[in-house]
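Engineer: using only what follows, build the 3D model:
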Amino acid sequence: MGEEAAVPVAAAAASAPPHLLLICFPAQGHVNPMLRLAKRVAAKGLLVTFSSVSSVGAKLAASAGVSSGGDGVRVGRGRVRFEFLEDGDPAGPDLDDLMRHLESAGPPAFAALLRRQASEGRPVACVVANPFMPWTIGVAAGAGIPSAVLWVQSCAVFSLYYHHVHGLVEFPPEDDAEARFSLPGLPEMTVADVPSFLLPSNPYKLLAGAIVEQFRTIGQASWVLVNSFTELESGVAAALRGVTPRPPELIPVGPLVEAVGWQDGDGDGGGDEVRGDLMKAAEECVGWLDLHPPRSVVYVSVGSVVVLSPAEVAEMAHGLASTGRPFLWVVRPDTQPHLPPGFPASVAAGRGAVVAWSPQERVLAHPSTACFLTHCGWNSTLETVAAGVPVVAFPQWGDQCTDARFLVEELGMGVRLRAGSPELQREAVREAVEDAVAGPRAEAMRASARRWSEAARRAVGPGGSSDAHVQAFVDEVARRAACGGAAGAAKARAQESSEDASSLVGVAERQERVEVAVP
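Structural biologist: This is a model prediction of the structure:
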């Protein structure tokens, strides 16, 4: 009886599309690009399961209506489904507690998840993980499953980490603001442009350790996908090929955004109901934007993690009010107690609006939005590039420091909001907003933003650089799955060494021959 029951399952698995499982670090900035990659891959015909810790599943269910298990949602020619780790999720309130929990509970829970997929007739053909969980690659290898890493920051930040981990660069002392250093493919930089996790003053030691460990194990992955696009960072990717020891090829598949009105390589793939918000967005703010003239509203958000001090929140509030311009400000519930007394009511009666969370891509695409005051997280950076909106850059830590440098000085899309002494001052807020919206360089910044937006649109459109890379990745996963799991992966690696031009790595190495339309 047992053998007879097993035959249909095996036959179904053999005829089913390859199954890709994405395992995601539990943070909004990781969930968004990973889920968007899931939709792009599924649209090309694969079954994709999105996973993270159990608490992420609960938040997605509450804010976006996501349900775990089952067949999932149709997206293009494939499906996206959700299934979360049975990890108990007893992590404490701070980041170090979370990292300790992931390191101890993550590997066995992830191994059990992979076994469950096979027992239920949908064996995993490939695992995609993102940074801060380096153990995922080893668990996948132990199960005989090839893996990929989705690097959710820029190629430039990847280069800085890689050079640091391999002892190829010495950053200037933190107290020497004038010292410069250079890396291949990058502009001359200062210590202020370095991701803060690499500096001695970084307080998040466990997180930094996980990043370093990721770079020590990343060579075990078959692919390193990057949330960027060739036209944006072609020089960085090309320069990394000349570094010794040579890093893995970076395969740009971004920007992983859901820009309003865009068409990706598979047209309208559907799946609009598949959302990655860990907090419920205030959709009504789009109607509020409708009431304002074009390019009149200042949009402000420092993301899901950055915490401003009470003094900074108060100065930001007074600075925004003093601009005389309408503004839409995302102030998370944990921060709202720091607003000046009566501020939300007073701005509601005037020209401002305060919301706990926003549908950011819709806000940035709205014609009323004039500029984006942002912490410069990489997701927000790519979303504003995609929307073609100038920025007021206000980085706090991590890769935000590097992203701000590139947005302002390399892409020419904005201005810096510099903290005063000891903290942010309202006059600086007013002056930076005025510079971005109506200053002497405002028109040039808008023109540069529009050009980069068009480049991003082309990259993800039919036949664009990122669309081609996603298709090549899907084809390669399908090829390995057809060859038979672990044996197929070994065979494919052997073929790559002799027939590089036919592999995904070959596609990446030919990026330098792509016509790069740099604004």
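Engineer: just checking, W288 is part of a helix?
Structural biologist: Yes - assessed by DSSP: H, G, I helix; E, B strand; the rest coil, W288 belongs to a helix.
Engineer: which residue packs closest to it, ignoring adjacent ones?
Structural biologist: Spatial nearest neighbour of W288, chain neighbours left out: A353 (5.3 Å); criterion: Cβ to Cβ, 6 or more residues apart in numbering. Using the backbone N, CA and C atoms, a C-beta is placed for each residue, glycine as well.
Engineer: next, L20: secondary structure please.
Structural biologist: Going by three-state DSSP, the state assigned to L20 is strand.
Engineer: quick one, what contacts it?
Structural biologist: Applying Cβ atoms under 8 Å, 6 or more residues apart in numbering to L20 gives the contacts A38, V41, L46, L47, V48, T49, V124, A125, C126, V127, V128, V477.
Engineer: show me the shaky parts of the chain.
Structural biologist: Counting by pLDDT under 70, the chain contains low-confidence ranges at 1-15, 89-93, 265-270, 349, 420-422, 485-519.
Engineer: so what are the domain limits for it?
Structural biologist: Domain ranges of the chain: 18-155+221-267+462-513, 284-460, per automatic domain parsing.
Engineer: what is the burial count for D96?
Structural biologist: Burial measure for D96: 15 neighbouring residues, criterion other Cβ atoms under 10 Å.
Engineer: kindly apply the preceding question to E120 instead.
Structural biologist: Neighbour tally, E120, other Cβ under 10 Å: 12.
Engineer: hmm, back to that, neighbours of the residue nearest to W288, how many?
Structural biologist: When counting by other Cβ under 10 Å, one arrives at 20 neighbours for A353.
Engineer: ok, back up a step: how about the domains of the chain, which one is nearest D277?
Structural biologist: Nearest to D277, of all these, is domain 18-155+221-267+462-513, at 4.8 Å by Cβ to Cβ.
Engineer: buried set for stretch 408-428?
Structural biologist: Across stretch 408-428, burial judged by 16 or more other Cβ atoms under 10 Å covers V408, L411, G412, M413, G414, V415, R416, L417, L424, Q425, R426, A428.
Engineer: what does that stretch contact?
Structural biologist: Contacts to stretch 408-428, defined as Cβ under 8 Å, 6+ apart, come from residues 187, 308-309, 311-312, 315-316, 318-319, 322, 371, 373, 384-385, 390-394, 404, 407, 429, 432, 435-436, 439, 441, 444-445, 448-449, 452.
Engineer: and what of stretch 60-73?
Structural biologist: By Cβ under 8 Å, 6+ apart, the surrounding residues in contact with stretch 60-73 are 31, 47-49, 57, 79-84, 270-271, 273-281.
Engineer: what about burial for those, which qualify?
Structural biologist: By neighbour count, with 16+ other Cβ under 10 Å, the contacts of stretch 60-73 hold 31, 47-49, 57, 79-84, 270-271, 274-279, 281 as buried.
Engineer: cross these against strands and list the overlap.
Structural biologist: Counting by DSSP state E, the buried ones among the contacts of stretch 60-73 place L47, V48, T49, R79, V80, R81, F82 in strands.
Engineer: mind listing what the third one touches?
Structural biologist: This means T49. Counting by Cβ under 8 Å, 6+ apart, T49 touches H19, L20, L21, L22, G72, V80, R81, F82, E83, Q117, R122, V124.
Engineer: what's the longest helix in the chain?
Structural biologist: Counting residues, the longest helix found in the chain (DSSP state H) is helix 95-119.
Engineer: separation between F394 and A111?
Structural biologist: 41 Å (Cβ to Cβ, to the nearest Å).
Engineer: could you pull out the strands for the stretch 51-200 of the chain?
Structural biologist: 73-75, 78-82, 126-129, 147-151 (DSSP state E, counting those that start in this stretch).
Engineer: redo those as CSV? Include distance to W378.
Structural biologist: Shown next, in CSV, are those (distance: least, Cβ to Cβ, whole Å):
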stretch, distance to W378
strand 73-75, 24
strand 78-82, 22
strand 126-129, 17
strand 147-151, 10
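Engineer: out of those strands, which is closest to P293?
Structural biologist: strand 73-75 (36.6 Å).
Engineer: okay, now the sheet partners of that closest one, with direction.
Structural biologist: Looking at strand 73-75 with DSSP bridges, its partner strands are strand 78-82 (antiparallel).
Engineer: quick one: end-to-end distance for stretch 417-435.
Structural biologist: In stretch 417-435, first residue to last residue: 10 Å (Cα to Cα, to the nearest Å).
Engineer: so A129 is in contact with V139, correct?
Structural biologist: No - using Cβ atoms under 8 Å, A129 is not in contact with V139; the gap is 9.1 Å.
Engineer: compare those two (neighbour count), which wins?
Structural biologist: The neighbour comparison of A129 against V139 (other Cβ under 10 Å) goes to A129, with 26 against 22.
Engineer: once you drop chain neighbours, what's closest to that one?
Structural biologist: On the basis of Cβ to Cβ, 6+ apart, the spatially nearest residue to A129 that is not a chain neighbour turns out to be T136, at 3.8 Å.
Engineer: count of residues packed around the one you found?
Structural biologist: 26.
Engineer: so which elements touch the longest helix of the chain?
Structural biologist: strand 19-23, helix 135-142, helix 205-217 (3 or more Cβ pairs under 8 Å, 6 or more residues apart in numbering; DSSP states H and E).
Engineer: can you tell me what sits against it?
Structural biologist: Against helix 95-119 from outside (Cβ under 8 Å, 6+ apart): 19, 21, 23, 25-26, 49, 51, 53, 83, 85-92, 123-124, 127, 132-133, 135-136, 138-140, 142-143, 145, 204-207, 210.
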